[in-house]
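A.B. asks: Sequence plus predicted model, see below.
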Amino acid sequence: MLKEFIQLIYPDFCSGCSQPLLFSERAICSSCLMEVKSSFISNSQTFFGRTAVNREIYAFKFFKNKLLQKMIYEMKYNGNKDTAFVLGVELGFLLKDIYKSKNQDVDFIIPVPVSEIKKQKRGYNQCEHIANGVSQIIKKPVLANRLKRRNNLRSQVNNSRYKRWSNVESQYYLEGNFNGNPRLLLVDDVVTTGATINSCIKALQAETNQLISVAALAGNK
Ligand SMILES: [Zn+2]
C-alpha cells in the first residue's frame, strides 16, 4: 500500500525503455528483460592478455545490443543500482547452470573495485551490486573489500591504448591474504580491452596461485 502510494508520486522507470514499471517489476520491465535475455551467451575463452584464467563468462553480447547499452549507462552514470542488481541476478542464473553442468564451483565472489575517490563521487561501485545479484543466486559470499583500486589522479582520456593498458597494470592490489586457495569469481560490468581484468588477476595471484574465473554482463570479444 505504502509502496504503491510512493510509486504514484515517484514512479520507477525501466532503465531500458524508460516506461513506468509495474508494481511487481524492479529496475527493468519484463519485456526489456526478455529482450536482453534473448542475447544470452556464455563463452569460455581462457586468456586475458597473457594471464590464464579458469573460465570467462559473459551474460550478454554488448555491442550489438542497444537496450543493454542503455541499461549499463543508467547503472554507471545515473545511479541505477537496482539495474546492476537485476542484471547480476541474470548473470547468476547463467553461472549456476554452467557450474552445475561442468561440476564446478567457486568459494567467493570478488567485484572489480573502483577507487575510493570514484566511489565517493558516484556513491557506489556498480560491480559490487552486480556481484550481490550473482550472490543471491549462486549463494556464495561477496568479498567487497579485499581487492582494491588505487586512487588515480591522472586522466586517461588522452593516453594511447598501450599507455592505458600499462597504467592499469599496477592499479589494483590485494589487502591481506587468503587462507588456503579459495576459488574466486571475479565480477565486472563490461570487459573491453581486458586490461582491468588482467591487472585484477595479477593482484589476486600475487601471493598464491588462485583458481580464478571471470564473469561479466557483457564483453566485446
Ligand atoms: Zn522496459
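C.D. replies: All right, it came through fine.

A.B. asks: Briefly note if stretch 12-26 comes near the ion.
C.D. replies: Yes: shown here: stretch 12-26 in contact with the ion (C-beta under 5 Å from the ion) through 14, 16, 17. (C-beta placed from N, C-alpha, C; glycine too.)

A.B. asks: neighbour-wise, which of these leads?
C.D. replies: With neighbours defined as other C-beta atoms under 10 Å, the most crowded of the residues of stretch 12-26 next to the ion is residue 14; it has 24 neighbours.

A.B. asks: which residues touch that one?
C.D. replies: Taking C-beta atoms under 8 Å, 6 or more residues apart in numbering, we find residue 14 in contact with 20, 21, 25, 27, 28, 29, 32.

A.B. asks: Residue 190: which of the residues of stretch 12-26 next to the ion is nearest?
C.D. replies: residue 16 (15.9 Å; C-beta to C-beta).

A.B. asks: The closest one: which element?
C.D. replies: Following DSSP states H and E, there is no helix or strand that holds residue 16.

A.B. asks: Can you verify my assumption that it contacts residue 34?
C.D. replies: No: applying C-beta atoms under 8 Å, one finds residue 16 not in contact with residue 34, separated by 10.4 Å.

A.B. asks: For the ion, see how far away residue 122 is.
C.D. replies: Using C-beta to the ion, to the nearest Å, residue 122 is found at 24 Å from the ion.
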